[in-house]
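Participant: dropping the sequence and predicted coords here.
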Amino acid sequence: MLVTCAITRRAFLARSGDLRTYRADLDNALVDSEALVVGAAPDLLIPKQPWASALVARALADVDMDRPGALAAAQLLASGRRPGTLRSYEGKFDRFFRFCTDVQISQGFPALSPMPATSSSVLLYLGWLQEEDKVHARSLQPYMSAINQAHVDFGFPPPAVGQLVRLARRGFGEVEGESSASVRRIPLPAAVVMQILNLGLVTLSVPVLRACACLVVQFLWFARADTGIHLRQGHVGIGAFGITLSERTKTIARHLAAPMTRPCLAAWDPDGLVLRLLRRWLHARGTVSDDAYFWALPGEASSEAWTSALINAWLHEILSVLQVQPPLGCSWSSHSLRSGGASAAFALGVDLLVIMNWGLWSTLDSLHLYVDVLVQPDAAAALFFGHLLRVPCPPPGAPPS
């Protein structure tokens with residue numbers, strides 16, 4: 001029997017009895033799972049629907065979808081993770097799935113079970129990632145999380161956990177360090193961001209202006225790359241109170257607003273450089289609708305192409321124009337904008353709780369990973385983050401100091 005559920009505006013079909021792993025032959029035809037032997041080629045274990053749809057099919061398999069609340073429950077389950085998080089999980093779990101199936105079969109071995117997977121399969125996967133040399137040790141966690149979350153969602157114990165997996169991950173970093181020169185990602189200095197701002201104020205190239213303005217805003221609001229690139233016109237406002245960003249980020253539920261206003265204070269930014277840069281971009285871009293991507297030129301962006309990778313590309317493009325390079329053994333990436341802003345603000349003397357609130361970190365522990373206490377204060381940091389300092393107000397009638 002087939003169960004039809006409405007997810008957003010699309011429908012999907014799933015067997016109501018498919019509570020175990022999804023199985024298909026090489027032609028992608030769904031077959032009786034009890035007639036197959038796990039790991040026996042050419043039968044493969046594969047998800048027949050996208051992650052969210054398959055999760056709904058499992059959770060509501062025995063539910064009459066005409067019941068009150070059934071379609072809404074399906075919608076809630078499918079919306080439980082942000083689209084970007086879901087795409088990341090799907091892509092990374094698909095890579096694990098391909099390792100367990102295509103890679104094994106191409107080397108003459110029987111396919112492994114991607115779900116439920118064993119710890120030994122995860123260890124083999126870590127070894128393969130190390131041999132492939134495309135994933136660095138510091139980037140392993142999302143790959144392990146995707147495997148574990150898939151298993152938990154579909155009723156299996158997470159396999160990418162335990163002492164042996166921890167040892168293998170630690171060894172991953174040791175082997176990587178022996179075979180290649182170690183590079184440390186560091187915060188982007190406020191002085192470099194000031195150079196980017198000044199370039200944006202004089203350039204005649206609209207793409208360069210756009211990149212400069214975007215990078216400066218990322219730095220000033222400690223924004224994640226995906227948060228910044230997905231800003232909409234309706235999320236940005238300029239008014240009497242200053243420049244306001246109403247960010248959409250993974251630490252804030254969608255039904256909660258998170259507006260953060262940077263006041264235009266002459267005491268810290270006497271020439272209004274940040275406001276001038278933003279207005280210059282708005283003038284160059286022209287009028288767009290409130291739901292248009294803020295950093296896209298009219299007709300330019302599509303949801304498929306408009307990804308956080310653009311922030312990293314723009315950063316390296318502008319650094320190349322400025323002929324600025326990081327110190328030996330160090331690197332800058334889009335992540336360096338978020339950590340650079342937080343580190344510059346801390347160096348200036350901004351309270352950690354203020355930094356946490358401004359950058360929408362959920363805890364101080366998570367913020368500590370972004371703050372480099374060795375960063376020194378400078379004039380650029382004062383211009384960018386002086387407004388966050390808690391300066392005591394003089395009593396009424398007292399002369400200004």
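Facilitator: Structure received.
Participant: all strands of the protein, in order?
Facilitator: Secondary structure of the chain, counting by DSSP state E: strands at 2-7, 10-15, 23-24, 44-45, 184-185, 236-239, 242-246, 259-262, 330-331.
Participant: can you read off the pLDDT for the closest residue to Arg279 other than its chain neighbours?
Facilitator: Ranked by CB to CB, 6 or more residues apart in numbering and with sequence neighbours excluded, the top spatial neighbour of Arg279 is Ile238, at 7.3 Å. Backbone N, C-alpha and C define where each C-beta goes, glycine included. Listed pLDDT for Ile238 reads 89.
Participant: my guess is Ile238 contacts Arg276, does it?
Facilitator: No - using CB atoms under 8 Å, Ile238 makes no contact with Arg276, being 11.3 Å away.
Participant: distance check, the residue nearest the centre of the chain against Gly84.
Facilitator: Central residue of the chain (CA atoms, centre = their mean): Asp226, 5.1 Å from the mean position. Note on Asp226: its distance to Gly84, by CB to CB, to the nearest Å, is 5 Å.
Participant: lowest-confidence stretch among the strands of the chain?
Facilitator: Among the strands of the chain, strand 2-7 carries the lowest mean pLDDT, at a mean of 29.
Participant: which regions of the stretch 251-400 of the chain sit below the pLDDT cut-off?
Facilitator: By pLDDT under 70, the low-scoring segments of the stretch 251-400 of the chain are 251-257, 301-304, 392-400.
Participant: how about the stretch 51-200 of the chain?
Facilitator: Residues of the stretch 51-200 of the chain that meet the criterion pLDDT under 70 lie in 179-182.
Participant: Val288: neighbour count?
Facilitator: Per other CB atoms under 10 Å, the neighbour tally for Val288 reads 17.
Participant: dump the residue contacts of it.
Facilitator: 233, 296, 298 (CB atoms under 8 Å, 6 or more residues apart in numbering).
Participant: for those residues, which one is nearest Leu209?
Facilitator: If you rank these by distance to Leu209 using CB to CB, Ala296 comes first, at 13.4 Å.
Participant: just want the phi and psi numbers for the closest one.
Facilitator: phi -100, psi 140 (degrees, to the nearest 10).
Participant: for Ala73, give me its contacts.
Facilitator: Neighbour list for Ala73: 60, 63 [criterion: CB under 8 Å, 6+ apart].
Participant: hmm, try it at 10 Å
Facilitator: The contact partners of Ala73, taken as CB atoms under 10 Å, 6 or more residues apart in numbering, are 5, 56, 59-60, 63, 65, 67.
Participant: just the buried residues of these.
Facilitator: 5, 56, 59-60, 63 (16 or more other CB atoms under 10 Å).
Participant: okay, and which of these map to helices?
Facilitator: 56, 59 (DSSP state H).
Participant: which of the buried ones among the contacts of Ala73 sits closest to Phe219?
Facilitator: Nearest to Phe219 among the buried ones among the contacts of Ala73: Val56, at 39.9 Å, using CB to CB.
Participant: from Leu77, how far off is the closest one?
Facilitator: The gap separating Val56 from Leu77 is 5 Å, by CB to CB.
Participant: then Ile186?
Facilitator: 41 Å.
Participant: for Met115, same thing?
Facilitator: Distance, Met115 to Leu77, using CB to CB: 18 Å.
Participant: show me the contacts for His368.
Facilitator: 342, 352, 356, 361.
Participant: what count of nearby residues applies to the residue lying closest to the third one once chain neighbours are set aside?
Facilitator: The shortest distance from Met356 to any non-neighbouring residue, by CB to CB, 6+ apart, is to Leu367 (4.8 Å). Summarising burial for Leu367: neighbours were counted as other CB under 10 Å, giving 19.
Participant: just checking, Leu367 touches Gly341?
Facilitator: No - in this structure, Leu367 is not within contact of Gly341 by CB atoms under 10 Å, at 11.7 Å.
Participant: now do the shared contacts for those two.
Facilitator: Shared contacts of Leu367 and Gly341 (CB under 10 Å, 6+ apart): 222, 355, 359.
Participant: report the contact partners of the last one.
Facilitator: What that stands for is Gly359. Shown in contact with Gly359 (CB under 10 Å, 6+ apart): 221-224, 247, 249, 251, 260, 338-339, 341-342, 345, 366-367, 370.
Participant: just the buried ones among the residues you listed, please.
Facilitator: 221-224, 247, 249, 260, 338-339, 341-342, 345, 367, 370.
Participant: now those in JSON lines, with distance to Ala313?
Facilitator: Shown next, in JSON lines, are these (distance: CB to CB, whole Å):
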{"residue": "Trp221", "distance to Ala313": "20"}
{"residue": "Phe222", "distance to Ala313": "20"}
{"residue": "Ala223", "distance to Ala313": "16"}
{"residue": "Arg224", "distance to Ala313": "16"}
{"residue": "Glu247", "distance to Ala313": "21"}
{"residue": "Thr249", "distance to Ala313": "21"}
{"residue": "Met260", "distance to Ala313": "25"}
{"residue": "Arg338", "distance to Ala313": "17"}
{"residue": "Ser339", "distance to Ala313": "19"}
{"residue": "Gly341", "distance to Ala313": "19"}
{"residue": "Ala342", "distance to Ala313": "23"}
{"residue": "Ala345", "distance to Ala313": "26"}
{"residue": "Leu367", "distance to Ala313": "27"}
{"residue": "Tyr370", "distance to Ala313": "22"}
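Participant: so which of those are in helices?
Facilitator: Residues from those lying in helices, with DSSP H as the criterion: 338-339, 341-342, 345, 367.
Participant: Asp102: which of the residues you listed is nearest?
Facilitator: Asp102 has its nearest neighbour among these in Arg338, at 36.2 Å by CB to CB.
Participant: circling back: look up how far Gln218 lies from the nearest residue to the residue nearest to the centre of the chain once chain neighbours are set aside.
Facilitator: With sequence-adjacent residues excluded and distances taken as CB to CB, 6+ apart, Asp226 is closest to Ser308, at 4.2 Å. As judged by CB to CB, Ser308 and Gln218 stand 10 Å apart.
Participant: more neighbours, these two?
Facilitator: For Ser308 versus Gln218, the count of surrounding residues by other CB under 10 Å is larger for Gln218: 27 against 15.
Participant: from Asp269, how far off is the more buried one?
Facilitator: Per CB to CB, Gln218 is found 17 Å from Asp269.
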